[in-house]
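Novice: Requesting a structural model of the entry that follows:
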Amino acid sequence: MAENLTKQTFLERVFNYETNKEWKYEGNLPAVVDFWAPWCGPCRMVGPIVEELSREYKGKVNFFKVNTDEEQDVAGAFGIRSIPSLLFVPMEGQPKMAVGALPKEAFKEAIEKELLTPAS
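Specialist: Residues are numbered from 1 along each chain as shown. Predicted coordinates for the structure are as follows:
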């Protein structure tokens, strides 16, 4: 199951943007962060895909969800202007943002390429 994050848990588990100016990932596995809102149609299509992938990649990739209505600080820190926005967070290096509803296969490709393939 994807874990819903509040601002506090985001700061602890993903990135503490209040104390760090440079990106520093706080997690122990690569992650996907789904920025969404309950009223967003495309977000409702992405939600079940995120849940499926969270089961398929259990133990390899963490999946988090941030409700942009409730956690406007977090969304603002990442400049989220349209949702769904998906943040792919590798163990090393900079995260990458994808905007819009991705089909499951494109999602899997991005996870494999950005999160599970060792950087060359």
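Novice: contacting residues for the spatially most central residue of the chain?
Specialist: Among the residues of the chain, V33 comes closest to the average C-alpha position under CA atoms, centre = their mean, at 1.1 Å. If a contact means CB atoms under 8 Å, 6 or more residues apart in numbering, then V33 has 5, 14, 64-66, 86-87, 89 as its contacts. In this view, the C-beta of every residue, glycine as well, is placed from N, C-alpha and C.
Novice: Now render the residues you listed as CSV, adding neighbour count, pLDDT and distance to L116.
Specialist: Output for these, formatted as CSV (neighbours: other CB atoms under 10 Å; pLDDT from 0 to 100; distance: CB to CB, whole Å):
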residue, neighbour count, pLDDT, distance to L116
L5, 20, 97, 22
V14, 22, 97, 18
F64, 22, 98, 17
K65, 22, 97, 20
V66, 25, 98, 22
L86, 21, 96, 16
L87, 19, 96, 16
V89, 24, 97, 12
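Novice: closest to K108 among these?
Specialist: Within the set of the contacts of V33, L86 lies nearest K108; the separation is 12.5 Å, counting by CB to CB.
Novice: From G41, how far out is the nearest residue to W39 once chain neighbours are set aside?
Specialist: Among residues not flanking W39 along the chain, D69 sits closest, at 7.8 Å (CB to CB, 6 or more residues apart in numbering). Relative to G41, D69 is positioned 15 Å away (CB to CB, to the nearest Å).
Novice: The two: who's more crowded?
Specialist: Neighbours were tallied for D69 and for G41 using other CB atoms under 10 Å; the higher tally belongs to D69 (12 against 9).
Novice: follow-up on the earlier one: export the contacts of V33 to TSV and tack on distance to A98?
Specialist: TSV is the format used below for the contacts of V33 (distance: CB to CB, whole Å):
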residue	distance to A98
L5	18
V14	16
F64	15
K65	15
V66	15
L86	5
L87	8
V89	12
